[in-house]
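# The sequence and its predicted three-dimensional model are supplied below.
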Amino acid sequence: AQSVAQPEDQVNVAEGNPLTVKCTYSVSGNPYLFWYVQYPNRGLQFLLKYITGDNLVKGSYGFEAEFNKSQTSFHLKKPSALVSDSALYFCAVRSYGQNFVFGPGTRLSVLP
Amino acid sequence: EAGVTQSPTHLIKTSGQQATLRCSPISGHTSVYWYQQALGLGLQFLLWYDEGEERNRGNFPPRFSGRQFPNYSSELNVNALELEDSALYLCASSLFGEQTYFGAGTRLSVL
């Protein structure tokens, strides 16, 4: 069975500081990994994905994520946080032929 | 290119009624996913349709059902509504499962 864990309900970071939102997963087979962001009263917006290839994936709005197979992790990072990055972030996983499974979400607050 | 569209934006029902939510996927996408996002909670997987067939179902009672039409649009039906069904219902579409694109959601309020 597929599962995704986001161990932190809330992450607080000062504007300009680097941010990390953690994600670990469990899946049989090769994982497809995704990060999405949700702003209030909106649907989810795609940030980035890992399907295969380079373990460091760059996405929208300056975000990047590193796939670590041995640690089954796919942490989201950004070198310098903006107040506008404050939102709810979801990690998701799927393997071939399976549906997407989302983590519980992490609320990121960037303080000015 | 139009994204995933959902209708209605808001839906207000009373307990015991039925609700029908609609989703139009991105043109060319054959898979449609439905998720429930209750207030303060994450996304709970409801249903996955692909090429007109139900591929997988989440841990929800049978009164949650749906279908996918030949044009790949989809309906989610919720019968015998209960107060705890109040939530944001999100539809997503994908092609070959590499990435999902989400609609803005339908907010269902059950009074």
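Done, it's in. Numbers count the residues shown, from 1 in each chain, chains lettered A, B, ... in the order given.
# What is the end-to-end distance of stretch A:41-57?
28 Å (CA to CA, to the nearest Å).
# Quick one: mean pLDDT over that stretch.
The average pLDDT for stretch A:41-57 rounds to 88.
# now it: how far from the chain's centre is it?
Put simply, stretch A:41-57 sits 7 Å off its chain's centre (CA atoms, centre = their mean, to the nearest Å).
# Okay, and the beta partners of the most centrally placed residue in chain B?
Computing the C-alpha centroid of chain B and ranking residues by CA atoms, centre = their mean puts B:W34 first, at 3.5 Å. As for beta bridges, B:W34 partners with B:L47, B:C91 under DSSP bridges.
# Can you tell me which residues in chain B are near chain A?
B:4, B:33, B:35, B:41-43, B:45, B:48, B:55-56, B:90, B:92, B:97-105 (CB under 8 Å from any CB of the partner chain). Every C-beta, even on glycine, is put in place using the N, C-alpha and C of the backbone.
# So how do I select the buried members of the residues you listed in PyMOL?
Selecting just the buried residues from those in PyMOL takes one command, with 16 or more other CB atoms under 10 Å in any protein chain shown as the test:
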select buried, chain B and resi 4+33+35+42+43+45+48+55+90+92+97+99+100+101+102+103+104+105
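# Can you flag which of the residues of chain B next to chain A belong to strands?
When DSSP state E is applied, those are split such that B:Y33, B:Y35, B:L43, B:F45, B:W48, B:R55, B:N56, B:L90, B:A92, B:Y101, B:F102 fall in strands.
# Adding distance to A:K78 and pLDDT, write those out as TSV.
Formatted as TSV, these follow (distance: CB to CB, whole Å; pLDDT from 0 to 100):
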residue	distance to A:K78	pLDDT
B:Y33	27	94
B:Y35	25	94
B:L43	22	87
B:F45	28	90
B:W48	31	93
B:R55	34	92
B:N56	33	90
B:L90	24	94
B:A92	24	94
B:Y101	22	90
B:F102	21	91
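# all strands of chain A, in order?
Going by DSSP E, chain A shows strands at A:3-5, A:10-14, A:19-21, A:24-26, A:32-38, A:44-50, A:56-58, A:64-68, A:73-78, A:87-94, A:101-102, A:106-111.
# Turn those into TSV, including distance to B:E82 and mean neighbour count.
Formatted as TSV, the strands of chain A follow (distance: least, CB to CB, whole Å; neighbours: other CB atoms under 10 Å in any protein chain shown):
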stretch	distance to B:E82	mean neighbour count
strand A:3-5	27	17
strand A:10-14	30	14
strand A:19-21	33	20
strand A:24-26	32	18
strand A:32-38	25	24
strand A:44-50	25	20
strand A:56-58	41	14
strand A:64-68	38	18
strand A:73-78	35	21
strand A:87-94	25	23
strand A:101-102	23	21
strand A:106-111	27	17
